[in-house]
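S.K.: pasting the structure only:
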Ligand code: S3P
């Protein structure tokens, strides 16, 4: 049975309805980006890596499985506590099974980079959503470094076979779009190359790979490039040593209870340990511009990743314009921001959302459809999303999730404050990133049926 058949079997309808004030304290699960990276770098390091707070969602569990298939020892030692014994840079073994990444673009693309620097052949595959997503953007630079890919799908789509390079070449690569996945794939392949691999990005994307590579002992220098860009230079063939990684709570998951607390009247919710890396906080900036009450306290850091406690209180929101330059720092948060925009007074314009079209679903279309079916006026104008907020949302619609966890959770958040309940056609994919979303939201007072 493939992953997609499995998820379809579990397809479950759910409705969210107008709830009393949300209140209490919660910790959302570990950050997905950092969890993938901790497993991958642990597998490429010598010695033991101990991870606490790992996200035990399907996406990350698929990466753990892939690391095992590539020769690393990966064990769960307690709740969210994992240990990895790595094989060293360029030390991956020939996998005996295809690597199936399920729904996860991040796991798949980062591991492609790591495999590209090893003299092995691996088959990459995923579910129906991942099979539709573009892989050429990753394969192009990896082929420049000496890897070879043969894909059966059009445009380099999965399933594909990747032959890693015997003698990988260091390259200087300008990413065509601001994508941490492209940047990370090149850097992970560059670990195995002699000399310096350089990635230049016109707009800075999340820098967790750079921070964690440094934490594991690599020499990596990141400088500003132009106004918003970065020039990142990695010295190849380092000895990575196993490290301790504490995974902070995922700001992209926190986004759901944050917006829920803002729109459900009378709410007062506290979320602990939320990662506040500035390349991930575009949503908080935007919500504050809209009038949101979000207080940060208990600020601290681990392995270069800052985190804080967030206290969120229900707030009257107003429409704003979100500049395209902010998109990389909140790329996964637009569906739930669009929900907040529906409850705001006035128009919200979100600019430069072309990358949303190649996420787990065409998120631009799926987000607009989610709003419209619930009575909110939403328009797509080239790559901008324009939402007419009227201070309340009618609801009553059934939202198509299109195998996309963030559409499912956004729709359920909307239903907690809309006049009529909001349904989603399939909650199965929520388990890819936030397995306890429903019970955690219920513990804060959310009503689902
Ligand atoms: C991620 C990067 C982003 C984001 C994804 C996680 C990462 O994708 O959407 O959920 O961990 O590097 P892109 O790099 O393709 O924008």
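M.R.: Nice, thanks for sending it over. This one's a predicted model, so the numbers in the text were calculated from it and none came from an experiment.

S.K.: Contact residues of the stretch 251-400 of the chain facing the ligand?
M.R.: Residues of the stretch 251-400 of the chain found near the ligand, taking Cβ under 6 Å from any ligand atom as the criterion, are 331, 332, 355. For glycine as for every other residue, the C-beta is placed from the backbone atoms N, C-alpha and C.

S.K.: which residues does the second one contact?
M.R.: Residues in contact with residue 332, defined by Cβ atoms under 8 Å, 6 or more residues apart in numbering, are 252, 255, 359, 406.

S.K.: Now with 6 Å, please.
M.R.: residue 252 (Cβ atoms under 6 Å, 6 or more residues apart in numbering).

S.K.: I'd like to know how far it sits from residue 283.
M.R.: Separation of residue 332 from residue 283 (Cβ to Cβ, to the nearest Å) stands at 9 Å.

S.K.: touching the ligand at all, stretch 12-30?
M.R.: No: judged by Cβ under 6 Å from any ligand atom, stretch 12-30 and the ligand are separated, with a smallest distance of 12.6 Å.

S.K.: how near is residue 336 to residue 354?
M.R.: From residue 336 to residue 354 the distance is 19 Å (Cβ to Cβ).

S.K.: And the two? Which one has more around it.
M.R.: More crowded of residue 336 and residue 354, by other Cβ atoms under 10 Å: residue 336, with 27 against 13.

S.K.: Tell me if I am right that the more buried one is in a strand.
M.R.: No: according to DSSP: H, G, I helix; E, B strand; the rest coil, residue 336 belongs to no strand; its state is helix.

S.K.: mind listing what it touches?
M.R.: By Cβ under 6 Å, 6+ apart, the contact set of residue 336 is 255, 256, 259, 410.

S.K.: so can I have TSV of the residues of the stretch 251-400 of the chain next to the ligand showing pLDDT and secondary structure?
M.R.: Compiled in TSV, these are given as follows (pLDDT from 0 to 100; DSSP: H, G, I helix; E, B strand; the rest coil):
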residue	pLDDT	secondary structure
331	98	helix
332	98	helix
355	98	helix
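
S.K.: and of the residues you listed, the nearest to residue 401?
M.R.: Residue 401 lies nearest to residue 332 out of these, by Cβ to Cβ, at 15.0 Å.

S.K.: Against residue 312, how distant is that closest one?
M.R.: Counting by Cβ to Cβ - residue 332 and residue 312 are separated by 18 Å.

S.K.: Likewise for residue 295?
M.R.: 8 Å.

S.K.: Those two: which has the busier surroundings?
M.R.: Neighbour count, other Cβ under 10 Å: between residue 295 and residue 312, residue 312 has more, with 24 against 11.

S.K.: Tell me the gap between the stretch of helix or strand that one belongs to and the middle of its chain.
M.R.: Assigned by DSSP states H and E, residue 312 belongs to strand 305-313. From the chain centre to the centre of strand 305-313 is a distance of 18 Å (Cα atoms, centre = their mean, to the nearest Å).

S.K.: Mean confidence (pLDDT) on it, please.
M.R.: The average pLDDT for strand 305-313 rounds to 98.

S.K.: likewise stretch 266-281?
M.R.: For stretch 266-281, the mean pLDDT works out to 98.

S.K.: Now that stretch: buried residues?
M.R.: In terms of neighbour count (16 or more other Cβ atoms under 10 Å), stretch 266-281 has its buried residues at 267, 269, 270, 271, 272, 273, 274, 275, 276, 277, 280, 281.

S.K.: Just give the nearest non-adjacent residue to residue 253, would you?
M.R.: With sequence-adjacent residues excluded and distances taken as Cβ to Cβ, 6 or more residues apart in numbering, residue 253 is closest to residue 28, at 4.2 Å.

S.K.: ok, now which ones touch the one you found?
M.R.: Contact analysis of residue 28 by Cβ under 6 Å, 6+ apart lists 249, 250, 253, 254.

S.K.: likewise residue 82?
M.R.: 51, 54, 76.

S.K.: I'd like to know how far it sits from the ligand.
M.R.: Noted for residue 82: a distance of 18 Å to the ligand, by Cβ to the nearest ligand atom, to the nearest Å.

S.K.: On the three-state scheme, residue 352 is what?
M.R.: coil.

S.K.: That one: how many residues sit nearby?
M.R.: Neighbour count of residue 352, defined by other Cβ under 10 Å: 19.

S.K.: how many neighbours does the closest residue to it other than its chain neighbours have?
M.R.: Excluding the flanking residues, the one nearest residue 352 by Cβ to Cβ, 6+ apart is residue 324, at 2.5 Å. For residue 324, the count of nearby residues is 14 (other Cβ under 10 Å).

S.K.: Same question for the one 4 residues further on.
M.R.: A count of neighbours around residue 328, defined by other Cβ under 10 Å, yields 22.

S.K.: Now it: phi and psi?
M.R.: phi -60, psi -30 (degrees, to the nearest 10).

S.K.: For it, which non-adjacent residue is spatially closest?
M.R.: Closest to residue 328 by Cβ to Cβ, 6+ apart is residue 178, at 4.3 Å.

S.K.: pretty sure the one you found is touching residue 327, no?
M.R.: No: using Cβ atoms under 6 Å, residue 178 makes no contact with residue 327, being 7.6 Å away.

S.K.: picking that back up, taking the contacts of residue 28 one by one, which sit in helices?
M.R.: Mapping the contacts of residue 28 onto helices (DSSP state H) picks out 253, 254.

S.K.: Output the residue ranges of the helices in the stretch 51-200 of the chain, listed in chain order.
M.R.: Ranges of helices in the stretch 51-200 of the chain, per DSSP state H, counting those that start in this stretch, are 58-69, 105-116, 128-131, 136-144, 180-190.

S.K.: Present these as JSON lines; the columns should include distance to the ligand and mean neighbour count.
M.R.: Below are those laid out as JSON lines (distance: least, Cβ to the nearest ligand atom, whole Å; neighbours: other Cβ atoms under 10 Å):
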{"stretch": "helix 58-69", "distance to the ligand": "9", "mean neighbour count": "24"}
{"stretch": "helix 105-116", "distance to the ligand": "4", "mean neighbour count": "27"}
{"stretch": "helix 128-131", "distance to the ligand": "12", "mean neighbour count": "20"}
{"stretch": "helix 136-144", "distance to the ligand": "8", "mean neighbour count": "20"}
{"stretch": "helix 180-190", "distance to the ligand": "3", "mean neighbour count": "28"}
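
S.K.: what about those helices, which gets the closest to residue 343?
M.R.: Smallest distance to residue 343 across the helices of the stretch 51-200 of the chain (Cβ to Cβ): 28.3 Å, for helix 128-131.

S.K.: Low-confidence regions, the stretch 151-300 of the chain specifically.
M.R.: Judged against pLDDT under 70, the stretch 151-300 of the chain has no low-scoring part.

S.K.: which residues of it fall in strands?
M.R.: 160-163, 172-174, 196-201, 220-225, 229-235, 244-246, 268-275, 293-302 (DSSP state E, counting those that start in this stretch).
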